[in-house]
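Q: sequence plus the predicted model coming up.
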Amino acid sequence: MNGVTAVLDVGKTNVKVATFGADGALVWERAIPNRMVPGPPYPHADVEQIWEFLLRALADANKVGPIAAIVPTTHGCAAALIDKAGLVLPVMDYEFAGVEEIEPSYAPLRPPFSQTFSPALPTGQNIARQLAWQRQYFAEPFARAKYLLAYPQYWAWRLSGVAAAEVTSLGAHSDLWEPLQGRFSSMVSALNVSRLMPPLYPAYCRLAPIKPDIAAATGLGHDVDVLCGVHDSNASLLPHLASRRQPFTLLSTGTWVILMAPGLSLDGLDPADDTLANVDVEGRPVATGRFMGGREYAAIAGAHGSPDPASLERVIASGAMALPSFAGQGGGGPFASQRSEIRGEIAPADRPTLATLYVALMSDVMLTRLGADRGDLIVEGSFAANPCYAAVLAALRPSQPVFASSDAAGTARGAALLAKWPAPNFQPSLVAVQSRTVEGLHAYRDAWTRAVLAR
């Protein structure tokens, strides 16, 4: 394949377009905030703002290096109902709590966790609950829909005109997929949406070239391929799946901290802990845990800062603690129902360190509840740039090697590997974190754990 691979990366907080060379090197990138529209008819994604940004970005990126393929990757818990003309209803913001009002009628339809490995999550974090709510309150447009597309495949459809289903998004706690069986769950029939399911394709499948009007609008060649696309946490996992021996655990960090442990048994997963199964690009179940660590960090820290060893020592010695949950009921993890609390006195300058300690302790809890006590730990995303986080994690789990990714474009770069999958010949750039004793840390963890469990 000659030319670069362009990635549309739609995260919950930001939207990015980036291009990568055949060697995986970042060539060009641009980003904007991801704006949610409050309504009507309900909070939803501003897909037209993203579309206009995408077209401008593709045109500009193509001038730097000719684009040969485009790969969409997006956050989970989002889906589009379309007809031939486009959306029949807006793409719902998964933080919309209004869908919870149908829970009495929805809950009896849910397959057991042992089939879907999909917990009953709050707000719109189960796509099937979004669909049930839309079907109840917007029956006419729902009936007009021709296809249900997960969010990456919606962008692939807009670019190529081909409707596709794909397992990494369907398998991300949607209630719509059975990971062990590799098939749609009974919820698809229960909601009478079998007619909306397009053919299944792998994330790395080339669906079609871009549509002629898009080539004309952007200056791209008519032969630019559009790939099916991938759920963003699975995109972050791809470089390590291709280069690392299992078991290992990837901590993909951003708005959410998503812990994915390929090679780990699903037997110990517990929906009460927010441990579940995702599905990788080859359709294999992946034991997963999650909590909204990035948002909680921001709530605790209050401002940007750079935690350092001296600040870490002060906070631990002070006994000040941040107790969950700072993201509320929709924030994931086993303590989401608890009310946030900061105990003790803490100087404003030390709040970023307190926030770092909190996210590291929560990560440690999730690793334990997931059963991920063997193999390497790889920190990718925003917390990889926080050396205090990786150092605390290494001190808390001295038997597991910890690595921090130095790649700020990890999700997008992982998605770009799909253009060469299944043999990308790519080694991610990782830095080994030296395990060292942090004075008082284990006693602090014990006190924090007792405080959490006593509430």
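A: Yep, it's here.
Q: read off the pLDDT value for the spatially closest residue to His173 that is not a sequence neighbour.
A: Excluding the flanking residues, the one nearest His173 by C-beta to C-beta, 6 or more residues apart in numbering is Ser118, at 4.3 Å. All C-beta spots, glycine's among them, are computed from the backbone N, C-alpha and C. Ser118 is assigned 97 on the pLDDT scale.
Q: Ser118: how many residues sit nearby?
A: 29 (other C-beta atoms under 10 Å).
Q: per-residue confidence for the closest residue to Arg455 other than its chain neighbours?
A: Spatially, and ignoring its direct neighbours in sequence, Arg455 is nearest to Gln338 (5.6 Å; C-beta to C-beta, 6+ apart). For Gln338, the pLDDT comes out at 93.
Q: can you pull the contacts of Gln338?
A: Contact partners of Gln338, counting by C-beta atoms under 8 Å, 6 or more residues apart in numbering, are Leu323, Pro324, Ser325, Val452, Arg455.
Q: how close does the third one sit to Asp83?
A: To tie it back to what came earlier, the one meant is Ser325. 40 Å (C-beta to C-beta, to the nearest Å).
Q: of the two, who's got more company?
A: Between Ser325 and Asp83, Ser325 has the larger neighbour count (other C-beta under 10 Å), namely 24 against 12.
Q: got a list of contacts for stretch 172-188?
A: For stretch 172-188, using C-beta under 8 Å, 6+ apart, the contacting residues are 76-77, 79, 109-111, 115-119, 121, 125-129, 150, 167, 170-171, 194, 197, 231, 233, 266, 276-279, 283, 285.
Q: circling back to that earlier point, can I assume the residue nearest to His173 sits in a strand?
A: No - with DSSP: H, G, I helix; E, B strand; the rest coil as the criterion, Ser118 is coil rather than part of a strand.
Q: quick check: it touching Asn126?
A: Yes - contact criterion C-beta atoms under 8 Å: Ser118 and Asn126 qualify, at 6.5 Å.
Q: can you tell me the SS state at Gly289?
A: Going by three-state DSSP: Gly289 is strand.
Q: is it true that it touches Pro271?
A: No - checked against C-beta under 8 Å, the pair Gly289 and Pro271 is beyond contact range at 11.2 Å.
Q: okay, and Ala132 sits in which element?
A: Counting by DSSP states H and E, the element that carries Ala132 is helix 127-137.
Q: what is that helix packed up against?
A: Contact partners of helix 127-137 among helices and strands, from 3 or more C-beta pairs under 8 Å, 6 or more residues apart in numbering; DSSP states H and E: strand 79-82, helix 103-106.
Q: how about the helices in the stretch 351-455 of the chain?
A: Applying DSSP state H, counting those that start in this stretch to the stretch 351-455 of the chain gives helices spanning 351-370, 387-396, 410-416, 441-453.
Q: save the ones you listed as TSV, and put in mean pLDDT, mean neighbour count and distance to Ser429 too.
A: Below are those laid out as TSV (pLDDT from 0 to 100; neighbours: other C-beta atoms under 10 Å; distance: least, C-beta to C-beta, whole Å):
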stretch	mean pLDDT	mean neighbour count	distance to Ser429
helix 351-370	97	24	21
helix 387-396	96	23	14
helix 410-416	92	29	9
helix 441-453	97	15	28
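Q: what's the closest of those to Ser243?
A: Closest approach to Ser243 among the helices of the stretch 351-455 of the chain is made by helix 410-416 (11.2 Å; C-beta to C-beta).
Q: list of residues touching the closest one?
A: With C-beta under 8 Å, 6+ apart, helix 410-416 has contacts from 5, 7, 9, 11, 16, 18, 20, 24, 26, 29, 71-73, 229-230, 232, 235-239, 252, 380-381, 384, 407, 428.
Q: likewise stretch 360-368?
A: Identification of contacts with stretch 360-368 by C-beta under 8 Å, 6+ apart yields 249, 251, 257, 259, 273-275, 289-291, 293, 296, 324, 333-334, 373, 377, 389, 392-393, 396-397, 445, 448-449.
Q: run a quick neighbour tally on the closest residue to Leu170 other than its chain neighbours.
A: Spatial nearest neighbour of Leu170, excluding adjacent residues (C-beta to C-beta, 6+ apart): Trp177 at 4.4 Å. Neighbour count for Trp177, taken as other C-beta under 10 Å: 32.
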